[in-house]
Each structure stands twice: as C-alpha cells, then as structure tokens.
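Engineer: no sequence on this one, just coordinates:
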C-alpha cells in the first residue's frame with residue numbers, strides 16, 4: 001500500500017511555468033493520427049520517464065524526485081492511472097503552498113496529495129465513467145463525463161491516454177486537493 005500512496009507533487013516555485021496550450025499542442029498533433037486509446041508516447045517509457053521528458057511537467061518531475069518517488073514511478077510492475085497536473089496547474093496553487101509541501105516535516109501531506117492523483121490500474125479515457133473513484137490516498141475523486149469532456153473534481157482532462165510501461169497518464173489543468 002505504501003507504493004500505492006505515492007504520486008506526484010510540487011517543486012520549487014522558481015521553476016519556469018510553461019503555457020498550458022503547449023501540452024495540448026505537444027500531443028494533439030500526434031494523437032490526431034491515432035485510434036482512441038492509442039498513446040502518442042511510446043509505452044516503453046515509464047510514468048516517471050514520460051514526465052521527465054516533457055517540458056510541461058518540470059514541476060511534476062522535480063516533485064517526484066523531491067519526494068523520492070522516481071524509482072516507484074519507473075517500476076514496470078506498477079499499473080496505475082495518474083491524473084498529472086501541468087506546471088500551470090501547480091502555479092495556480094495559492095502562494096507558498098508548494099514551498100510548504102516541500103518542507104521535510106510536511107512529507108506526509110505531500111505523499112497524501114500525490115496519492116490523491118493516482119488510481120489503481122490502467123483506466124483509459126474510453127473506460128472512465130461518471131462517479132466516485134477511489135484514489136491511492138484512500139479518498140475519492142469525482143469523475144464527470146460529458147461527451148468528450150472529462151473532469152476530475154474541478155480539473156479538466158486536457159490530454160488523455162498517454163500510455164506508459166507502468167500505467168496511463170491523463171493530463172489535468174488543476175491540482176486535485178482533497179477536501
């Protein structure tokens with residue numbers, strides 16, 4: 001269960017914030033040529049490797065490293081769905097929130113936050129159904145589906161079905177905060 005609670009967090013606010021449209025542009029042009037459920041990123045890459053190779057996940061990557069989760073999210077025995085916030089999503093958090101979460105004494109809170117972005121098993125966008133979904137943090141998120149639009153709590157899925165060797169990533173435009 002400890003591995004299940006692990007997820008993504010934040011990094012120092014000093015990391016540059018990139019335009020939100022860039023993530024969509026990065027994958028949209030490639031995805032136009034793919035069938036539903038196919039990924040524009042080679043499934044040989046792990047979740048950690050995909051995040052590290054994408055300039056829109058610089059904060060996420062730094063957070064994974066800061067939390068000591070790089071190895072966990074590189075593990076091919078892991079099969080999870082990650083709702084991955086972009087750098088813009090992290091930048092929209094209240095001032096000081098990221099810095100506070102990154103303090104060593106708040107690691108437990110950071111792990112909980114990260115776990116709130118992870119669902120057990122690979123769930124493609126075509127398999128997402130409206131309703132509550134349990135996260136690895138033990139709390140639920142609310143998924144809403146309206147045609148092609150998927151939201152998780154108040155976050156929009158802006159790019160779906162980025163397949164990894166150890167799961168699938170759905171890019172979201174807001175950090176999910178447990179209530």
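Structural biologist: Received it, and whenever you're ready, just let me know what you need. All of these numbers come straight from a predicted model, not from anything done at the bench.

Engineer: How about the longest strand seen in the chain, which residues are buried there?
Structural biologist: Identified as the longest strand of the chain according to DSSP state E is strand 155-164. Applying a neighbour-count criterion of 16 or more other Cβ atoms under 10 Å, one finds 155, 157-164 buried in strand 155-164. Any C-beta I mention is one placed from the backbone N, CA and C, and that applies to glycine too.

Engineer: Just the terminal-to-terminal distance for stretch 150-168.
Structural biologist: The straight-line separation of the ends of stretch 150-168 (Cα to Cα, to the nearest Å) is 15 Å.

Engineer: So the spatially closest residue to residue 85 that is not a sequence neighbour, which state does it fall into?
Structural biologist: Spatial nearest neighbour of residue 85, excluding adjacent residues (Cβ to Cβ, 6 or more residues apart in numbering): residue 175 at 4.7 Å. What DSSP: H, G, I helix; E, B strand; the rest coil gives for residue 175 is coil.

Engineer: What of residue 65?
Structural biologist: With three-state DSSP as the criterion, residue 65 reads helix.

Engineer: So what's the residue count around the residue lying closest to residue 130 once chain neighbours are set aside?
Structural biologist: Leaving aside its sequence neighbours, residue 130 sits nearest to residue 145 (Cβ to Cβ, 6+ apart; 4.9 Å). Taking other Cβ atoms under 10 Å as the criterion, the count of residues near residue 145 is 14.

Engineer: Can you show me the strands along the chain?
Structural biologist: Assigned by DSSP E, the chain shows strands spanning 80-85, 118-120, 131-134, 140-146, 149-152, 155-164, 167-172.

Engineer: The ones you listed into TSV, with extra columns for mean pLDDT and distance to residue 57?
Structural biologist: TSV is the format used below for the strands of the chain (pLDDT from 0 to 100; distance: least, Cβ to Cβ, whole Å):
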stretch	mean pLDDT	distance to residue 57
strand 80-85	97	7
strand 118-120	94	15
strand 131-134	97	22
strand 140-146	96	20
strand 149-152	96	17
strand 155-164	98	10
strand 167-172	98	9
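
Engineer: Next up, the contacts around the most centrally placed residue in the chain.
Structural biologist: Residue closest to the mean C-alpha point of the chain, counted by Cα atoms, centre = their mean, is residue 84 at 1.5 Å. Contacts for residue 84 were tallied using Cβ atoms under 8 Å, 6 or more residues apart in numbering; they are 8, 51, 57, 60, 117, 169-172.

Engineer: rerun that using 10 Å as the cut-off
Structural biologist: Contacts for residue 84 (Cβ atoms under 10 Å, 6 or more residues apart in numbering) come out as 7-8, 23, 47, 50-51, 54, 56-57, 60, 117-118, 157, 159, 162, 169-172.
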